[in-house]
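K.L.:
Could you work out the structure for the sequence below:
(one chain, ligands or ions: 1)
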Amino acid sequence: MTYAQGAARQSDFKVWREKMVAEQIEARGVKDRGVLEVMRKVERHRFVSPLVAHLAYADTPLPIGEGQTISQPYIVALMTELAQLKSTDRVLEIGTGSGYQAAILAELAKEVYTIDILPDLAKQATMLLKELGYKNIQVKSGDGYLGWPEFAPFDAIIVTCAPKDVPPALIEQLAEGGRLVIPVGDRYQELKLFTKTAGKIAQKRIIPVVFVPMRRGR
Ligand code: SAH
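P.N.:
Model (predicted):
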């Protein structure tokens, strides 16, 4: 916060956050009370550049540097609801970006592991999440296509970049009863929910979406 962003500004942000949840998230059908609560709590404006902080609660994705974006608030809430988190869950996120989705997950689950292929974004998110006091999030830089085998299995996996096909490692690293929420596709992408029950995978198509592509390498 600079001197120009005083107490009045903080209360503006809170009002905008309430409005965001009511008009963009509840109005579109997200019902999970825990999800709505954390979307009201986590200060999304801390995860974007101060230059666009006034847009942090708008119904849109925003640039976070390196050509990447923080997802639209509704999509973050929807994906979190689909993950059906419990306070004992261990969660993997692919695509740390700003760290906002990771913070939302960390409010609801026990442990969050998050990977970004761009080292600078991973570094920035690590610092911000530490500054905000999150102790249950581990960030690393690497290729999320491979998951994070050292900490598998995961009760939920959320992917915030779109691979052309579902990475087999992510299905493998899903715990029994686990949920994988992932945008899949090339130009046309669809958000999908995979669940693992008695070792069998079921999939459900949710909605068409637009995410940055999942890159490979590193
Ligand atoms: N969840 C983020 C938004 C992520 S944008 C947030 O809340 O801000 C998508 C991110 O996926 C980008 O930061 C991009 O660098 C990352 N990404 C792309 N391909 C990846 C890969 N193979 N493994 C890990 N991260 C990847």
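
K.L.:
Run through the residues that contact the residue most central in space within the chain.
P.N.:
With distances taken as Cα atoms, centre = their mean, the residue of the chain nearest its centroid is Gln101 (2.8 Å). Shown in contact with Gln101 (Cβ atoms under 8 Å, 6 or more residues apart in numbering): Ser71, Val76, Met79, Thr80, Glu93, Gly95, Ile158, Thr160. Every residue, glycine included, has its C-beta placed from N, CA and C.

K.L.:
residue contacts, the third one?
P.N.:
Taking Cβ under 8 Å, 6+ apart as the contact definition, Met79 lies against Ser71, Gln101, Ile158, Thr160, Val181, Leu191.

K.L.:
For the fourth one, what are phi and psi?
P.N.:
Okay, so that is Thr160. The phi/psi pair for Thr160 (degrees, to the nearest 10) reads phi -120, psi 30.

K.L.:
per-residue pLDDT, it?
P.N.:
With respect to pLDDT, Thr160 has a value of 98.

K.L.:
How about the contacts made by it?
P.N.:
Ser71, Met79, Glu93, Ile94, Gly95, Gly97, Gln101, Pro183, Phe211.

K.L.:
cool, and the third one?
P.N.:
Contacts for Ile158 (Cβ under 8 Å, 6+ apart) come out as Met79, Thr80, Ala83, Val91, Leu92, Glu93, Ile94, Gln101, Leu105, Val181, Ile182.

K.L.:
Kindly report the same for the last one.
P.N.:
By Cβ under 8 Å, 6+ apart, the residues touching Leu191 are Ile75, Leu78, Met79, Leu82, Val181, Ile182, Pro183, Arg205, Ile206, Ile207, Pro208, Val209.

K.L.:
how about the nearest residue to it, chain neighbours excluded?
P.N.:
Leaving out its chain neighbours, the residue that sits closest to Leu191 by Cβ to Cβ, 6 or more residues apart in numbering is Ile206, at 4.2 Å.
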